[in-house]
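In: Quick one, fold the following:
(chains A and B)
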Amino acid sequence: MKRVVDVNIPLGPIHPCFKEPARLKCEAKGERIIGVEVELGYMKKGIERIMKGRPWQEVMFLAERVCGICSVIHNLVFIEAMEQISGIAVPPRAARLRVIANELDRMQSHLLANFSYCYTIEHETLGMYLLDLREQVMDELERLTGARVTCAYIIPGGVRCDLRKEEAAALLASLERMEGDLRRYTGMFENGPMIALRSRGVGILTPDAAERAHAVGPTARASGIAVDCRMNHPTYRQLGFAPVTRPDRDNFARVMVRFDEVFQSIGLIRKCLTDLPNGVVRGRGVCTAGEVRYSGEAPRGELTYFIRSDEFGRIVEIQIQTPSIMNIEACCHEMIIGSDSIADVTATFISADPCIACTER
Amino acid sequence: MTTYLFEQDLVTQKYRILAARRHDRLVRQIAQELDIPVQEVRRYLIGHLDMIQLENLPARAEMAEAHADPDNPVARALGREKYSTYLRILSGAAMDAIFRDVSARVHAGTPADDAVRQGRAQIREALRP
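Out: Got it, this is the predicted structure:
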């Protein structure tokens, strides 16, 4: 898209505040941003092409590698899609363990996103506190699954390994400690006057604009839209899940929704652990031929897999719609437009928790 | 001479986004609705939308379908909201002008199908380079 503009300010592809490379070409009139063009392609993996024609046993490992930050949900959505195609049932204990793994993953992703935001607005102290907390969550994820990032914990018909009683008790104790720390850090963010100056009323995303761009996850929920795929998930329904929303629509609301959701995740994990059914963690079943569109709630929002498999469980066709596609689009073409300062562009972009690895796949 | 990656032409990358299965299905649907060759729709989209807008096209099209006004069949058939507000391939002002013409024709007694067909021809003209 070649256009002649007043002032074109390129941000990225390499920028100290971006976790991954992307280029935003900001069109400015004075300090006011009147347009943004996004250039991607710096970390394209072509993972959907690699998946095609491979058996599900290989694709489940590839699915996790779409994104290093939210690998558990890619694992979960792919496996649940294959289970839906093949009519495989999951034992109740395994279903609860899946929720625990998913919520731990959400906690670490939200804490990392909020760290990035604090780092961007130059509140490094709070950022480092959050990063320290994230490490503790990663340790808990390792306790449950045996790995910190690409866990491959969820398999068709259940999970790879069980959680022992003493490990469950240790996880509960750790959650107690983390909740206390997080309450303190959330208070620091909520009551910080300088943070409010940089965050409140900045990067407004109206509900209409969010709906048009199909914004999802905390980005949409911070604009007052109660969308969450967990509301349609049978295990989450049993746990009485209800989405967290805020009406403020700005950067502050997006960060606060993520903090609120970390508390919510702690509550969900506690419920699962105190009410963990007895029984096996691996059911039976064979992956077969079929076609499905299946969505799950990733930390950043609705993650959808479109899958067609053959009778041997090979993936014939696959396409992944990640939440960052919608959220980055909403961010760059709705939230950033009209920003009063170029300094707000990075903060607003980071507040939408963009994941370029997910977007480019 | 050194050439930087970020200064290169993005047409190939944009084309690859549009060649994905869901995107291709949508492009073909637009081409069929507006009676334009598929290649021209692709060329227009590549020229007017950035990479993230292209990536998000199917999601936006789904939202357009879900939120199309059921009480206004002419606007729905013309794709008033879909092509302007959601897919953003036509400006709101241009689409409003076309919709006003179509509504006027319907009020003047032209069958709705014919009026919509003429409206689509106007959209086609507006998209022409």
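In: What's the local residue count around A:Tyr305?
Out: A:Tyr305 has 22 neighbours, counted by other Cβ atoms under 10 Å in any protein chain shown. Quick note: C-beta positions are derived from backbone N, CA and C, even for glycine.
In: now swap in A:Val137 and tell me
Out: For A:Val137, using other Cβ under 10 Å, the count is 27.
In: Once you drop chain neighbours, what's closest to it?
Out: A:Gln108 (4.4 Å; Cβ to Cβ, 6 or more residues apart in numbering or on different chains).
In: separation between that neighbour and A:Val66?
Out: 17 Å (Cβ to Cβ, to the nearest Å).
In: Taking the centroid of chain A, which residue is nearest it?
Out: Centre of chain A computed as the mean C-alpha position; nearest residue by Cα atoms, centre = their mean is A:Pro299, 2.3 Å away.
In: How about the residues of chain B by chain A?
Out: B:5-6, B:10, B:13, B:20-22, B:47-53, B:55-56, B:58-60, B:62-63, B:67, B:85-86 (Cβ under 8 Å from any Cβ of the partner chain).
In: Give me the buried subset of those residues.
Out: B:6, B:10, B:13, B:20, B:22, B:49-53, B:55-56, B:58-60, B:63, B:85-86 (16 or more other Cβ atoms under 10 Å in any protein chain shown).
In: right, and the helix or strand after the helix or strand where B:Arg16 lies?
Out: Applying DSSP states H and E as the criterion places B:Arg16 in helix B:11-18. Next along the chain after helix B:11-18, taking DSSP H and E as the criterion, comes helix B:21-34.
In: what angle separates the following helix or strand past that following helix from helix B:21-34?
Out: Scanning forward in sequence from helix B:21-34 by DSSP H and E, the next helix or strand is helix B:38-48. Helix B:38-48 and helix B:21-34 are oriented at 110 degrees to each other (axes from the mean of the first three to the mean of the last three Cα atoms, to 10 degrees).
In: Buried residues of the helix or strand bottoming out on mean pLDDT in chain B, list them for me.
Out: None of the helices or strands of chain B scores lower by mean pLDDT, DSSP states H and E than helix B:73-78, at a mean of 81. Across helix B:73-78, burial judged by 16+ other Cβ under 10 Å covers B:Val74, B:Ala75, B:Arg76, B:Ala77, B:Leu78.
In: From the rest of the structure, what touches the helix or strand just after that helix?
Out: Later in the chain than helix B:73-78, the nearest helix or strand by DSSP H and E is helix B:80-81. Outside helix B:80-81, the residues within contact range by Cβ atoms under 8 Å, 6 or more residues apart in numbering or on different chains are B:Ala64, B:His67, B:Ala68, B:Asp69, B:Asn72, B:Ala75, B:Met95, B:Phe99.
In: Now list the buried members of those residues.
Out: Buried, going by 16+ other Cβ under 10 Å: B:Ala64, B:Ala68, B:Ala75, B:Met95, B:Phe99, out of the contacts of helix B:80-81.
In: Among the residues you listed, which are located in helices?
Out: Counting by DSSP state H, the buried ones among the contacts of helix B:80-81 place B:Ala64, B:Ala75, B:Met95, B:Phe99 in helices.
In: which pair in the residues you listed spans the largest distance?
Out: Largest separation among these by Cβ to Cβ: B:Ala64 and B:Phe99, giving 14.9 Å.
In: Now do the residue nearest to A:Val137, the pLDDT please.
Out: At A:Gln108, the model reports a pLDDT of 94.
In: which residues are in contact with stretch A:183-198?
Out: With Cβ under 8 Å, 6+ apart, stretch A:183-198 has contacts from A:114, A:118, A:121, A:123, A:126, A:129-130, A:133, A:251-252, A:255-256, A:259, A:344, A:347.
In: for the record, mean pLDDT for it?
Out: Stretch A:183-198 comes out at a mean pLDDT of 88.
In: which of the residues in it are buried?
Out: A:Tyr185, A:Thr186, A:Phe189, A:Gly192, A:Ile195, A:Arg198.
In: quick one: A:Ile204 and B:Ile17, what's the gap?
Out: 28 Å.
In: Quick check on these two: which one has the bigger neighbour count.
Out: Neighbours per residue (other Cβ under 10 Å) separate A:Ile204 from B:Ile17, with B:Ile17 holding more: 22 against 18.
In: what's around A:Ala209, how many residues?
Out: When neighbours are counted by other Cβ under 10 Å, A:Ala209 comes out with 18.
In: residues touching it, list them.
Out: Counted by Cβ under 8 Å, 6+ apart, A:Ala209 has contacts A:Ala215, A:Ala330, A:Glu334.
In: next one: A:Arg160
Out: A:Arg160 touches A:Thr145, A:Gly146, A:Ala152, A:Tyr153, A:Ile154, counting by Cβ under 8 Å, 6+ apart.
In: And for B:Ala61?
Out: Counting by Cβ under 8 Å, 6+ apart, the residues that B:Ala61 touches are B:Leu26, B:Lys82, B:Tyr86, B:Leu87.
In: tell me the pLDDT at it?
Out: pLDDT, B:Ala61: 91.
In: Just the mean pLDDT for stretch A:230-244, thanks.
Out: Rounded mean pLDDT across stretch A:230-244 is 91.
In: What is the end-to-end distance of that stretch?
Out: One end of stretch A:230-244 to the other measures 12 Å (Cα to Cα, to the nearest Å).
In: Next: stretch A:157-170.
Out: OK, stretch A:157-170 end separation, Cα to Cα: 27 Å.
In: Quick one: distance of it to the chain centre.
Out: How far stretch A:157-170 lies from its chain's middle: 24 Å, per Cα atoms, centre = their mean, to the nearest Å.
In: Of all the residues in it, which ones are buried?
Out: A:Gly157, A:Gly158, A:Val159, A:Arg160, A:Asp162, A:Leu163, A:Ala168.
In: Restricted to strands, list those residues.
Out: Among those, the members found in strands (DSSP state E) are A:Gly158, A:Val159.
In: what's the neighbour count on the closest residue to A:Phe241 other than its chain neighbours?
Out: Distance criterion Cβ to Cβ, 6+ apart; nearest residue to A:Phe241, sequence neighbours excluded, is A:Arg230 at 5.1 Å. Using other Cβ under 10 Å, A:Arg230 has 20 neighbouring residues.
In: ok, A:Arg230 to A:Pro354 distance?
Out: 22 Å.
In: ok, now B:Pro37?
Out: In terms of Cβ to Cβ, B:Pro37 sits 35 Å off from A:Pro354.
In: neighbour-wise, which of those two wins?
Out: A:Pro354 (26 against 9).
In: I'd guess the more buried one is in a helix, am I close?
Out: No. Applying DSSP: H, G, I helix; E, B strand; the rest coil, one finds A:Pro354 to be coil, outside a helix.
In: excluding its backbone neighbours, what's nearest it?
Out: Per Cβ to Cβ, 6+ apart, closest to A:Pro354 is A:Ile328, 4.8 Å.
In: what about the one you found, how many residues close to it?
Out: 31.
In: go on, the one 10 residues further on?
Out: A count of neighbours around A:Gly338, defined by other Cβ under 10 Å, yields 12.
In: show me the residues around it that make contact.
Out: Per Cβ under 8 Å, 6+ apart, neighbours of A:Gly338: A:Arg32, A:Ile33, A:Ile34.
In: for the buried ones among the contacts of helix B:80-81, which one is nearest chain A?
Out: B:Ala64 (8.5 Å; Cβ to the nearest Cβ).
In: Can you verify my assumption that the closest one contacts B:Arg88?
Out: No. Taking contacts as Cβ atoms under 8 Å, B:Ala64 lies outside contact range of B:Arg88: 10.6 Å.
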